[in-house]
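Participant: attaching a predicted model along with its sequence, questions to come.
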Amino acid sequence: MQHGGNIYELASSLRLAERKIIDFSASINPLGISKKVKAELRTHLKYMPNYPDPQCRRLRRHLSITLGVDAKNILCGNGSTELIYLLVRALRPVQALVLAPTFMEYERALHISGCDIRFFRLEEQGGFRVDVEGFKAAMAECDVAFLCNPNSPTAQYLTRAEVLDIADRARQLHCVLVVDEAFIDFLPQHSVVTEVLNNQWLIVLRSMTKFYGLSGLRLGMAVMDVKYVEAMERCKEPWTVNTLAQRAGVIALNDTVYVKQTFEVLKEEKRYIEGWLKKKGIHFYPSNINFYLIKDDMAGRLYERLRAKGILLRDCTNYRGLDPRFLRIAVKAHRENTVLYKTVSFLMRQS
């Protein structure tokens, strides 16, 4: 499975230092890691000889307050990707429903388990938006359904009411609905995380990779009925969430200044990016989060030429339902966004 964020491969092929690569392929907060988190990490380096807390007790207490659920309903992992694999291992589904296109690790985890996968295709003419009634119908006879909201790489989202409608149908069908809210911090009003207390067929995944910039530390959590927590703990390796990740998570959750700054920067940079995409005649799909899915006939060529200059975009050809005309670009800091605009303009003039 190919993902964004592999700056190491490109740096090696171009014989550049990794810091010279401008990475638009991974959709991470343009502010990067917060100053408060950096300070906390420096302080706790002296504790590295100690094993991390295998239960993530302090982190789960803070998550409990932030998410509005009991700590006993939270299981932390080495990124939400670890929890996807744990879920499949614990649930052992026979038939599953997955969007196409969407985050590819659902499919890989299910494939490894030998599960039969049914794909719910998102239509381009509908803007790649999930048809709620169609998805509800497609869950019939499935043991588990994965719903990424907002969805990657399309950036489209369902409202809280729409997801709860699907979750209610999942309960009627006895189908476990796994809602991956990796990007929901950018649209917090549409989270359904508190509803796990009212619906034992609902599991919500959260990540601190995207909004809080903790990609390198890896930190995610699953919020669900206690029976699922216990089932997953029986499958889980110990100490997968390291000490620095746990400390970073606690500080990040309480850094309200960072959250405020994030939304301010995103508002300005999204306006800037949308402006130059329109100016260059590059089609993009509406996005309320920190990345865009774009479509252009010269996307493949543009991707390769930008790559040769050390600028990495997300090639979407390995997503089901997409082809070489599609690319995903992250919203980064203004300097990087300006470099991308000027480089794209230069390359388009040469074509």
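Facilitator: Sure thing, it's come through. Numbers count the residues shown, from 1 in each chain.
Participant: check which helix or strand residue 82 maps to.
Facilitator: Here residue 82 sits within helix 79-91, counting by DSSP states H and E.
Participant: report the next helix or strand after that helix in sequence order.
Facilitator: Towards the C-terminus, the helix or strand next in line after helix 79-91, according to DSSP H and E, is strand 95-100.
Participant: report the mean per-residue pLDDT for the helix or strand following that following strand.
Facilitator: Toward the C-terminal end, the helix or strand that comes next after strand 95-100 (DSSP H and E) is helix 105-113. Averaging pLDDT along helix 105-113 gives 97.
Participant: report the angle between helix 105-113 and helix 79-91.
Facilitator: 40 degrees (axes from the mean of the first three to the mean of the last three CA atoms, to 10 degrees).
Participant: and the angle from the helix holding residue 82 to strand 95-100?
Facilitator: With the same axes, to 10 degrees as the criterion, the two stretches helix 79-91 and strand 95-100 enclose an angle of 160 degrees.
Participant: which helices and strands sit right next to helix 79-91?
Facilitator: In terms of contacts (3 or more CB pairs under 8 Å, 6 or more residues apart in numbering; DSSP states H and E), helix 79-91 is packed against strand 74-77, helix 105-113, strand 144-148, strand 176-180, strand 202-207, strand 220-223, helix 226-235. C-beta here means a position set from N, CA and C on the backbone, and glycine is covered the same way.
Participant: any buried residues in stretch 289-298, and which?
Facilitator: For stretch 289-298, burial by neighbour count (16 or more other CB atoms under 10 Å) applies to 289, 290, 291, 292, 293, 294, 295, 296.
Participant: what's the end-to-end length of that stretch?
Facilitator: Start-to-end span of stretch 289-298 (CA to CA, to the nearest Å) is 25 Å.
Participant: quick check: which ranges of the protein have low pLDDT?
Facilitator: Applying pLDDT under 70 to the chain picks out residues 1, 351.
Participant: repeat the analysis, applying 80 as the threshold.
Facilitator: Using pLDDT under 80 as the threshold, the predicted model of the chain has low-confidence ranges 1-5, 351.
Participant: mind splitting the chain into its structural domains?
Facilitator: The chain breaks down by automatic domain parsing into domains covering 7-34+256-350, 50-253.
Participant: end-to-end on the last one?
Facilitator: Here the two ends of domain 50-253 are set 23 Å apart, with distance taken as CA to CA.
Participant: figure out how far it is from the centre of its chain.
Facilitator: Here domain 50-253 shows a centroid-to-chain-centroid distance of 10 Å under the convention CA atoms, centre = their mean, to the nearest Å.
Participant: elements contacting the helix or strand hosting residue 274?
Facilitator: Remark: residue 274 resides in helix 256-279, with elements defined by DSSP H and E. Applying 3+ CB pairs under 8 Å, 6+ apart, one finds that helix 256-279 makes contact with strand 283-284, strand 291-295, helix 334-350.
Participant: identify the residues contacting the helix holding residue 82?
Facilitator: Helix 79-91 is contacted from outside by 75, 77, 105-106, 109-110, 112-113, 115, 143-144, 176, 178, 180, 182, 203, 205-207, 209, 218-222, 228, 231-232, 234-236, 240, using CB atoms under 8 Å, 6 or more residues apart in numbering.
Participant: hmm, which of these are the buried ones?
Facilitator: Of all those considered here, the ones buried according to neighbour count by 16+ other CB under 10 Å are 75, 77, 105-106, 109-110, 115, 143-144, 176, 178, 180, 182, 203, 205-207, 209, 218-222, 228, 231-232, 236, 240.
Participant: not counting residues beside it along the chain, what's closest to the spatially most central residue of the chain?
Facilitator: Taking CA atoms, centre = their mean as the criterion, residue 182 is the residue nearest the geometric centre of the chain, at 3.9 Å. Residue nearest to residue 182 in three dimensions, not counting chain neighbours: residue 207, with 4.1 Å by CB to CB, 6 or more residues apart in numbering.
Participant: what would the helices and strands packed on helix 256-279 look like in CSV with distance to residue 138?
Facilitator: CSV is the format used below for those (distance: least, CB to CB, whole Å):
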stretch, distance to residue 138
strand 283-284, 28
strand 291-295, 22
helix 334-350, 38
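Participant: so which of the ones you listed is the most packed in?
Facilitator: Among the helices and strands packed on helix 256-279, the stretch with the highest mean neighbour count (mean count of other CB atoms under 10 Å) is strand 291-295, at a mean of 23.
Participant: quick one, that one and helix 256-279 angle?
Facilitator: Using the same axes, to 10 degrees, strand 291-295 lies at 10 degrees relative to helix 256-279.
Participant: may I have whichever helix or strand comes after strand 291-295 exported as PDB, CA atoms only?
Facilitator: Secondary structure here is assigned by DSSP H and E; on that basis, the next helix or strand after strand 291-295 toward the C-terminus is helix 299-308. Output in PDB follows, covering the C-alpha atoms of helix 299-308 (Å, rounded to 0.1, in the frame of the first residue of the first chain):
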ATOM      1  CA  ALA A 299      -2.100  15.900 -13.300                       C
ATOM      2  CA  GLY A 300       0.100  12.900 -13.900                       C
ATOM      3  CA  ARG A 301       2.700  14.900 -15.800                       C
ATOM      4  CA  LEU A 302       2.500  17.700 -13.200                       C
ATOM      5  CA  TYR A 303       3.000  15.300 -10.400                       C
ATOM      6  CA  GLU A 304       6.200  13.900 -11.900                       C
ATOM      7  CA  ARG A 305       7.700  17.300 -12.800                       C
ATOM      8  CA  LEU A 306       7.000  18.600  -9.300                       C
ATOM      9  CA  ARG A 307       8.400  15.500  -7.800                       C
ATOM     10  CA  ALA A 308      11.600  16.100  -9.800                       C
END
